[in-house]
Structures are given as C-alpha cells and as structure tokens.
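In: need a 3D model of the following:
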Amino acid sequence: MPPVEIETAVPTLKVMRLQKPALDMPTAGMLEAKCILGAAMCLPDSFGVIHVGETFTAYLGALNVSKTLNVTRLTVTAQLSTPSQRWHLASRLDEGNEAGGVDVPPEGGIDAIVSHALEEVGQHILRVEVGYGGRDGSVKSLRKFYRFQVSNPLIIKEVTYRSGDSCCFVSISLKNNGAETKGGLTICEAEFDSLPGLAAERVDKSWRKQNEFTATELFDECGRLEAGASKRYLFKVTSLSSQTPPSKGIAAGDELGKAIFTWRKACGEMGRMASPPVICPSMNPMIDQNDPAATMEGRNSDFVIHVQGSGISVDVANAAAARATDSNFARSSLDQSLPVTVEPVDPPSTMKQGVPQQIKFLIVNHSNKFMTLQLQFRMEHMKGLSVCGPSFKNLEEVPGIGGSTTVSMRFIPLAAGLLKLQGCCVVDLATGATVAQPPLLNVLVEPKTN
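Out: Numbering: from 1, shown residues only. The predicted structure follows:
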C-alpha cells in the first residue's frame, strides 16, 4: 500500500548577525538622513566587520509563510567552519532536532540565537541546514552558506628578558591594526595568564599618587588606541617557591603563559585577544671551542652570569635532565659545555679601588658522577680585577646531578670603572678536564681617594 501523501509547506530560512550598530554612520535604510540614531534603527544588511576575539552571534529563524499548510518535522542545525576546524553551534532547537523535528502551524516559525567566540583569522563559513517532511513521508532539506572574513584588530609583539633563575620580564607591544579596524579601540583590561607554578603581575605606575599624573600620562593610561597607534605593557613572571614540590626556577624553553587583552569598540562591543605562548629565552654564552686558553670571555657578547641576571644553572640542569631521559638529545647541549657551573652568591655591586673584598661562589655539578674539583682564576684572562692571594682552591668531592658546594675568594680591583670578573675555570682533578666559565659578574669600581 503506497504511503499517504500529506501536503506540507516549504519553510523559509532567515539568518542575521546580531551586533551593536555604528552610530552616526550613513547606511541604506536609515529613517532620516539627519537623525544621529538613524543607523541604530535599521537592521544590518551584511555581517559587517568581524574581528578575532569577538563573539559571533547570529539569529536563525525558520518561518512557515503558508497561510493554510503546516511544516512538518522541522529541524534547524548550524555549524561554523573556521580555517582549521568545524564547530557545532548549540541552540535550544537541538531538543526538537533530537525528537525528530517539530510541526510549525501556518504563519508560525521557530527561531534561536547561536554564538561562538572567534579565535582564528581568515574565512569563516556559517552553514545552516533546515530539514522538513515531504509529501510522501520523506525528509527534505535546504542549506544556506554565509561566508565572512575575520580579521586581526591588534598586532601583538613580545620581548622577554630573564632576571635570574626564577624571574622573567615580558614586554608586550600592542598596535591598532587600522587597516582592519577602521577606527579606534580602547584596551580596558591587560593581564597575564601564567602557567601553574608561576605568578604574574603587571608592572605599571600604580605606585604614584593620582594627582601626580600629567594630562598626557592620564591619556596614555586610559588604554585608548587610535588607528595605527601602539602601546606597551610590562609583566613580571616569577616561579612560586611555596608550591609542592618546590619549583626549580624558570629554564630556557619553558612556557610562561599568555598575555590577554580585553578591548571595546565605540558602542561597547567587547573582544578578547591572547598573545602567542610566551617562552623563556635562552641565555647561552658565546662559546669558542677553538680558544687555546679554554676560557669563555664573552667574545662578541655581553653575557654575564651575575646571580640576578642569567639563570644559566637552571638551563644547564634542565638540559642535563632532558639528556637523562632522551638518548638522542643534542650533543652540543649546554650541559655538555658546562657540566659544572660557578655562580656568585650575593656579589657586591660596587668596590673600592685597591681594597680587597671577599666574594662567595656556588659550584654546582650537573653531571651524573662525583667530581673532585679545583676552582681556578687564570690571571692572564683577568683585566682590572685580580685575585688577592692564591688563584686556585681545591674543593671537596662534589656529588653529581645537582650536587653543590660553596667557596670564597678575595679579589682586589686594580683600576676604576665598570669591570668584569672573568678567567674562571673549574678543573676535574681526576681526569684533568677543564670547564671554562663565562664572565661571572660586573662590578662598578670607585676610584681611590687621597
């Protein structure tokens, strides 16, 4: 027996992006050319300008325009295709879709609002599919595709500086991409989302009293970015010593987190953008393998190990740990060049010319074996800052994999100015191998007075 044919209507699909209007902008369909709010009183005729960080919101309406027939088993689904993946846009219509559809009476309809946060630049496609019952009991469908471009409103650049073993300063530059925004933006929030085990804070002028700001400084602090204008933010990221287990510091290649900025347009439309993941930079010294004296004097480099500036011991320990778990780790790794590191402990920032001063050093054995070491300062590579007394000291046996010991030596400045303590080597007394060290610190030497 053939199926009973039931006459049904064909639904009509309406799709519209929901957005705040641009005031005082002449557009087609305005109520009156002289009315400032005219553009706000008409519906947008296109999806308009859309930026990364905004939430794309659209209205979906499936209407039955027939005055006599029902639309049977009506379903509406929406998907958003980005340059990398496809997303299902959930809505209240999903319940009816799961039940096999709903019947819509004449001149009736169903609708919903869908939304999705935009995170990619490039062409996006909104795909809306409507299903409904046919006369013979089959399921028919109609599809519509809406293509739109998503642009980048801000150009983000970052520079990261290390400050010791457990601290980094991240400088973020924001520029209003005027070619895309066609106007100004206001940065209303700037924060740094650090990874677990790290803490971040913004470095700003909050320590100053409000009445000490000039008009220019107040304008700079408001976060307003006109087309093509730029602004810089500074964040301090530190490792948490109170966490369990305790942090070993921040090593080169560690991910610190992302900077997140919240911005608004003229009518309050909000968007959020994140920077690319911020990585702790490497502070490797310049190593000259052909140096006959087997020292690292920092040739063509300003690298200095100074306790508050490098973090080299953490980098070496991190490289040694990676080598222990990966047999294919690079042979030119830092832990191969520096199996033993020497770092000053609370070194002086100033010294008096001709006045000896004692400096303590931390020696760390990053290799996987015990080592009997001798700390040396080779006079031929020292300039202006000399050892006061014996130029070497024998150390007790130092265990491997992070074992350490401390030793103190006296130094005397022979000249005034900014001097560099260099010429340091560590000798393995068992094998005779020499581990040259980069310059250990900079110190300002004050001239002697009569």
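In: can you pull out the helices in the stretch 201-350 of the chain?
Out: For the stretch 201-350 of the chain, applying DSSP state H, counting those that start in this stretch gives helices covering 215-221, 312-325, 334-337.
In: would you map out the domains in the chain?
Out: Domains of the chain are assigned by automatic domain parsing as 12-151, 154-279, 312-446.
In: mind putting the ones you listed into TSV with mean neighbour count and mean pLDDT?
Out: Any C-beta I mention is one placed from the backbone N, CA and C, and that applies to glycine too. As requested, those are exported to TSV (neighbours: other Cβ atoms under 10 Å; pLDDT from 0 to 100):
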stretch	mean neighbour count	mean pLDDT
domain 12-151	15	80
domain 154-279	16	82
domain 312-446	17	86
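In: Three-state assignment for Gly48, please.
Out: coil (DSSP: H, G, I helix; E, B strand; the rest coil).
In: how about the nearest residue to it, chain neighbours excluded?
Out: Gln19 (6.3 Å; Cβ to Cβ, 6 or more residues apart in numbering).
In: can you tell me the element that neighbour falls in?
Out: Using DSSP states H and E, Gln19 is not contained in any helix or strand.
In: from Asp94, how far out is it?
Out: 24 Å (Cβ to Cβ, to the nearest Å).
In: likewise for Val426?
Out: From Val426 over to Asp94 (counting by Cβ to Cβ), the distance is 68 Å.
In: what's the answer for Asp136, then?
Out: 27 Å.
In: what's the answer for Ala179, then?
Out: 39 Å.
In: same question, Ser171
Out: Distance, Ser171 to Asp94, by Cβ to Cβ: 45 Å.
In: doesn't Cys168 fall inside a strand?
Out: Yes: read with three-state DSSP, Cys168 is one of the residues of a strand.
In: how about Leu429, phi and psi?
Out: phi -70, psi -20 (degrees, to the nearest 10).
In: was I right to think it contacts Thr372?
Out: Yes: assessed by Cβ atoms under 8 Å, Leu429 is found in contact with Thr372 at 4.6 Å.
In: what's the nearest residue to Asp428 if we skip its chain neighbours?
Out: Met371 (5.4 Å).
In: any idea how far Phe261 is from the spatially closest residue to Ala259 that is not a sequence neighbour?
Out: Take Ala259 and drop its neighbours on the chain: the residue closest to it by Cβ to Cβ, 6+ apart is Ser275, 4.3 Å away. Going from Ser275 to Phe261 by Cβ to Cβ gives 8 Å.
In: overlap in contacts of those two?
Out: Ile156 (Cβ atoms under 8 Å, 6 or more residues apart in numbering).
In: which residues does Leu256 contact?
Out: Contacts of Leu256 (Cβ under 8 Å, 6+ apart): 160, 168, 170, 194-195, 198, 200, 237, 250, 277-280.
In: ignore what I typed, I meant Val387.
Out: Counting by Cβ under 8 Å, 6+ apart, Val387 has contacts Phe377, Met379, Met409, Arg410, Phe411, Ile412.
In: now the host helix or strand of the third one: how far from the chain's centre is it?
Out: Element membership of Met409, judged by DSSP H and E, is strand 403-413. Relative to its chain's centre, strand 403-413 lies at 38 Å (Cα atoms, centre = their mean, to the nearest Å).
In: with stretch 364-378 instead?
Out: On Cα atoms, centre = their mean, the centre of stretch 364-378 falls 37 Å from that of its chain.
In: end-to-end on that stretch?
Out: This stretch, stretch 364-378, spans 20 Å end to end (Cα to Cα, to the nearest Å).
In: so the closest residue to Arg147 other than its chain neighbours bridges to which residues?
Out: In space, and not counting its chain neighbours, Arg147 is closest to Ile125: 5.3 Å by Cβ to Cβ, 6+ apart. Assessed by DSSP bridges, Ile125 has beta-bridge partners Ser81, Arg147.
In: now, the most widely separated pair of the contacts of Val387?
Out: Met379 and Arg410 (14.2 Å; Cβ to Cβ).
In: quick one: contacts for Arg143?
Out: Arg143 sits in contact with Arg127, Val128, Glu129, Val130, where contact means Cβ under 8 Å, 6+ apart.
In: ok, the first one touching Ser81?
Out: Yes: counting by Cβ under 8 Å, a contact exists between Arg127 and Ser81, whose distance comes to 6.5 Å.
In: and Phe56, that's in a strand?
Out: Yes: counting by three-state DSSP, Phe56 is located in a strand.
In: next up, the contacts around it.
Out: Going by Cβ under 8 Å, 6+ apart, the list of residues near Phe56 reads Arg17, Ile50, Leu80, Ser115, His116, Ala117, Leu118, His124.
In: just to check, the last one is in contact with Gln79?
Out: No: the pair His124 and Gln79 fails to qualify as a contact (Cβ under 8 Å) at a distance of 10.8 Å.
In: got a list of what Ile260 touches?
Out: Applying Cβ under 8 Å, 6+ apart, one finds that Ile260 lies in contact with Glu189, Ala190, Glu191, Phe192, Asp193, Arg272, Met273, Ala274, Ser275.
In: repeat that with 10 Å
Out: Gly53, Glu189, Ala190, Glu191, Phe192, Asp193, Arg272, Met273, Ala274, Ser275 (Cβ atoms under 10 Å, 6 or more residues apart in numbering).
In: that one - nearest residue in space that isn't next to it in sequence?
Out: That would be Ala274: by Cβ to Cβ, 6+ apart, it lies 4.9 Å from Ile260.
In: my guess is the one you found contacts Glu119, does it?
Out: Yes: when contacts are counted by Cβ atoms under 10 Å, Ala274 is listed as touching Glu119 (8.4 Å).
In: which residues do those two both contact?
Out: When contacts are counted by Cβ under 10 Å, 6+ apart, the set common to Ala274 and Glu119 consists of Val52, Gly53.
In: which pair of the contacts of Phe56 spans the longest distance?
Out: Arg17 and Ala117 (14.6 Å).
In: and the strand holding Met409, C-alpha only, in PDB?
Out: C-alpha atoms of strand 403-413 as PDB (Å, rounded to 0.1, in the frame of the first residue of the first chain):
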ATOM      1  CA  GLY A 403      75.300  18.400  44.000                       C
ATOM      2  CA  SER A 404      76.900  21.700  45.100                       C
ATOM      3  CA  THR A 405      79.400  23.400  47.400                       C
ATOM      4  CA  THR A 406      80.400  26.900  48.200                       C
ATOM      5  CA  VAL A 407      83.800  28.600  48.300                       C
ATOM      6  CA  SER A 408      85.000  32.100  49.000                       C
ATOM      7  CA  MET A 409      87.900  34.000  47.400                       C
ATOM      8  CA  ARG A 410      89.300  37.500  47.700                       C
ATOM      9  CA  PHE A 411      89.600  40.000  44.800                       C
ATOM     10  CA  ILE A 412      91.200  43.400  44.500                       C
ATOM     11  CA  PRO A 413      90.300  46.000  41.900                       C
END
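In: re the thing from before, what is in contact with Leu429 and Thr372 at once?
Out: Asn394, Leu395, Glu397.
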